[in-house]
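Engineer: The sequence and its predicted three-dimensional model are supplied below.
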Amino acid sequence: MDMLWNGWGDPAKAAPLPETVTGLLRDLLGVKPRTTPALDLADLVLPATAAGPVALKALAEVVGGDEHVRTDTESRVRHTRGKSTPDLLRIRAGDVSDVPAAVVLPATHDEVLAVLRACAAHGLAVAPFGGGTSVVGGLAPQRGAFIALDLRRLSGLLDLDPVSRTAVLQPGLRAPEAEALLAEHGFTLGHFPQSFEWATIGGFAAARSSGQASAGYGRFDEMVLGLTLATPEGTVETGRAPRSAAGPDLRQLILGSEGAFGVITSVTVRIRPLPEVRVYEGWRFDSFEQGAAALRRLAQDGPRPTVLRLSDETETLIGLAQPDAIGADLTQGGAGCQAIAGYEGTAEDTAYRRERAAAVLTACGGTLIGTEPGDRWAHGRYSAPYLRDALLDVGAFAETLETAAFWSRVPELYTAVRTALTDTLTQAGTPPLVMCHISHVYENGASLYFTVVSAQGEDPVAHWTPAKHAANEAVLAAGGTISHHHGVGTDHRDWYVREAGPLAVSALRAVKDRLDPEGLLNPGVLLPAD
């Protein structure tokens, strides 16, 4: 099954907002219904493919036939850009300016290498495509004609070593499929980001993904033990031991490279036994500051839950991630902030950690509000993107952004980004609702995940761009990183260049020039195009 071409996920899971919610948006934010009729896929008029017949024939020869090189309208549209709110608004308006010339589906590492050679010979850029879930402009190369290199045919479990607890996965494997294959052997990867239903193993590695259970299982880049990379200049293999002092860790050049250095064709990951039990519970704190201090205690001194999250006062009150609870106070106790603590593992270990963590949270001012809020969060943990589609349908603008900082900088970062978003959008005539939660915790810092809802304005994309830029500036000024887990793409590229600094960027440019001398791989993504 493919995702909606103009929205998120499974069409069967899309649902309109209740009238009570649309009324709340109208009264609170001045949201007005959109009057432009919705486009059908058949309404889109695509430019003729920029890949000539000779190039298409060459591509078909190396991937097993014409059926694996697609130039039809539906295939090209479904591989146009990603799933950020501007991406969806542009495609809904009929903007197909970033459509690929063709969609190519290789089935092996060697076929990927051959595709790259053929693209080099015919001057075609290449955008590696997994689940298509990028929200930072990572699928729109900024140089001429390009192909979308769809990796769905590389979707197997190549090896599983139960003694070492490792698995070798192909990049086009979607996360639910990976979990199902591992579960047959009694294991889990433990990586559950909000994009879980559609994102792929290769995408997780290429963007340095972080799942909602990162407090217990770690980020995806911490799970990766080895990678195979196909480049126009050949193959790069990394990772032959759990740790090594044999020079710099070349995995780190590939992790987070977003297809700019090569195409990931296999990933060796650490796996864990399937948990015997999973328990999620809710806690209430009087303020975001108090709750953040409690999370820091657990992150630094333990015991660390598997899942640990904290919503600020606004997000708690609104309950945005649960459509049936928008406008309701989920803490069941008036003002305050809600935290979710989740525990996975053996029954004995889970009970022990849960008891000890409860003592810490209580000592920090928290009040246990039971497992019902935790169960509701777990049930709806992947629903927010569907809710965003429903908000767009009624004329609201909804978008997210995230960052991270050391604990001492988190309060300043939180205030700076909220202020930048609120001031910019208010000056544009569309005052927003800005919500935030701590999504991932570490011993030394945490990630902040912001959700912004406002009226769309006359030109929603132009309306959002200054606010996004203001938030990016605020992130750098407050000592945060431009991205914690969404990646760089084109949306964050210019700020990433400033964050990394000119010498570091020159070093990365040298790596790209060696692996991709013609600059064919995702030009303009991660690094400025030549």
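Structural biologist: Sure, I can see it.

Engineer: List the buried residues for the helix or strand where Ala357 lies?
Structural biologist: Of the helices and strands defined by DSSP states H and E, Ala357 is found in helix 347-363. Applying a neighbour-count criterion of 16 or more other Cβ atoms under 10 Å, one finds 350, 353-354, 357-358, 360-361 buried in helix 347-363. C-beta: built from backbone N, CA, C; applies to glycine.

Engineer: Need those residues in TSV (columns: distance to Ala467).
Structural biologist: Listed next are those as TSV, based on distance: Cβ to Cβ, whole Å:
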residue	distance to Ala467
Thr350	42
Arg353	40
Arg354	40
Ala357	37
Ala358	40
Val360	37
Leu361	35
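
Engineer: Show me which of those is closest to Val511.
Structural biologist: Here the nearest of those to Val511, counting by Cβ to Cβ, is Arg353; it sits at 41.6 Å.

Engineer: Tell me how far stretch 269-285 lies from the chain's centre.
Structural biologist: Mean C-alpha position of stretch 269-285 versus that of the full chain (Cα atoms, centre = their mean, to the nearest Å) differs by 21 Å.

Engineer: what mean pLDDT does that stretch have?
Structural biologist: In this model, stretch 269-285 has a mean pLDDT of 97.

Engineer: start to end distance for it?
Structural biologist: 37 Å (Cα to Cα, to the nearest Å).

Engineer: Kindly report the same for stretch 247-255.
Structural biologist: The separation between the terminal residues of stretch 247-255, taken as Cα to Cα, is 17 Å.

Engineer: where's the helix holding Ala357 relative to the chain centroid, distance-wise?
Structural biologist: So, by Cα atoms, centre = their mean, the centroid of helix 347-363 is 30 Å from its chain's centroid.

Engineer: next one: stretch 63-72
Structural biologist: Going by Cα atoms, centre = their mean, where stretch 63-72 is centred and where its chain is centred differ by 29 Å.

Engineer: do stretch 33-41 as well
Structural biologist: Taking mean C-alpha positions (Cα atoms, centre = their mean), stretch 33-41 and its chain are 27 Å apart.

Engineer: What are the contacting residues of that stretch?
Structural biologist: 5-6, 73-74, 77, 92-94, 393-395, 456 (Cβ atoms under 8 Å, 6 or more residues apart in numbering).

Engineer: Just the buried ones from the residues you listed, in PyMOL syntax?
Structural biologist: Selection command for PyMOL covering only the buried members of those, criterion 16+ other Cβ under 10 Å:
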select buried, resi 5+6+77+92+393+394+395+456
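
Engineer: what residue ranges in the stretch 251-400 of the chain score low on pLDDT?
Structural biologist: 320-334 (pLDDT under 70).

Engineer: now the strands for it?
Structural biologist: In the stretch 251-400 of the chain, strands defined by DSSP state E, counting those that start in this stretch lie at 263-270, 272-273, 277-285, 307-311, 337-345, 367-370, 396-406, listed in chain order.

Engineer: Among those strands, which comes closest to Thr231?
Structural biologist: When the strands of the stretch 251-400 of the chain are compared for distance to Thr231 using Cβ to Cβ, the nearest one is strand 263-270, at 7.6 Å.

Engineer: now for that closest one, which elements pack on it?
Structural biologist: Strand 263-270 makes packing contacts with helix 109-122, strand 125-129, strand 166-169, helix 201-207, strand 224-231 when contacts are defined by 3 or more Cβ pairs under 8 Å, 6 or more residues apart in numbering; DSSP states H and E.

Engineer: okay, the ones you listed, which one's buried deepest?
Structural biologist: Greatest average neighbour count among the helices and strands packed on strand 263-270 goes to helix 201-207 (a mean of 30), per mean count of other Cβ atoms under 10 Å.

Engineer: which residues are in contact with that one?
Structural biologist: Here helix 201-207 makes contact (Cβ under 8 Å, 6+ apart) with 128, 130-131, 133-134, 138, 151, 154, 169-173, 175, 178, 191, 193, 209, 220-221, 224, 227, 254-259, 263-265, 267, 269, 485-487.

Engineer: Which one of the buried residues of helix 347-363 is nearest to Val104?
Structural biologist: Using Cβ to Cβ, the buried residues of helix 347-363 come closest to Val104 at Thr350, 46.0 Å.

Engineer: Centre of the chain to stretch 141-161, how far?
Structural biologist: How far stretch 141-161 lies from its chain's middle: 17 Å, per Cα atoms, centre = their mean.

Engineer: can you map out the helices along the stretch 401-530 of the chain?
Structural biologist: Taking DSSP state H, counting those that start in this stretch to define them, one finds helices in the stretch 401-530 of the chain at 410-427, 460-477, 493-500, 502-515.

Engineer: Could you dump those helices into JSON lines with mean neighbour count and mean pLDDT added?
Structural biologist: As requested, the helices of the stretch 401-530 of the chain are exported to JSON lines (neighbours: other Cβ atoms under 10 Å; pLDDT from 0 to 100):
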{"stretch": "helix 410-427", "mean neighbour count": "19", "mean pLDDT": "98"}
{"stretch": "helix 460-477", "mean neighbour count": "19", "mean pLDDT": "96"}
{"stretch": "helix 493-500", "mean neighbour count": "18", "mean pLDDT": "98"}
{"stretch": "helix 502-515", "mean neighbour count": "13", "mean pLDDT": "97"}
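
Engineer: out of the ones you listed, nearest to Ala107?
Structural biologist: Distances from Ala107 to each of those were compared by Cβ to Cβ, and the smallest falls on helix 502-515, at 22.6 Å.

Engineer: Could you save the helices of the stretch 401-530 of the chain as a markdown table and add columns showing distance to Glu184?
Structural biologist: Listed next are the helices of the stretch 401-530 of the chain as a markdown table, based on distance: least, Cβ to Cβ, whole Å:
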| stretch | distance to Glu184 |
| --- | --- |
| helix 410-427 | 41 |
| helix 460-477 | 42 |
| helix 493-500 | 39 |
| helix 502-515 | 36 |
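
Engineer: Among the contacts of stretch 33-41, name the ones in strands.
Structural biologist: Secondary structure assignment by DSSP state E places none of these in strands.

Engineer: Looking at the strands of the stretch 251-400 of the chain, which one is packed in the most?
Structural biologist: For the strands of the stretch 251-400 of the chain, the stretch with the most neighbours on average is strand 307-311, a mean of 27; neighbours defined as mean count of other Cβ under 10 Å.

Engineer: Direction included, what does it pair against?
Structural biologist: Each strand that strand 307-311 pairs with, and the sense of that pairing, follows from DSSP bridges: strand 337-345 (antiparallel), strand 433-441 (antiparallel).

Engineer: circling back to that earlier point, kindly reformat the strands of the stretch 251-400 of the chain as a markdown table containing distance to Met1.
Structural biologist: Formatted as a markdown table, the entries for these read as follows, by distance: least, Cβ to Cβ, whole Å:
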| stretch | distance to Met1 |
| --- | --- |
| strand 263-270 | 23 |
| strand 272-273 | 28 |
| strand 277-285 | 27 |
| strand 307-311 | 28 |
| strand 337-345 | 28 |
| strand 367-370 | 36 |
| strand 396-406 | 24 |
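
Engineer: Out of the ones you listed, the one nearest Thr200 is which?
Structural biologist: Closest approach to Thr200 among the strands of the stretch 251-400 of the chain is made by strand 263-270 (9.7 Å; Cβ to Cβ).

Engineer: That closest one vs strand 125-129, what angle?
Structural biologist: If you take axes from the mean of the first three to the mean of the last three Cα atoms, to 10 degrees, strand 263-270 sits at 30 degrees to strand 125-129.
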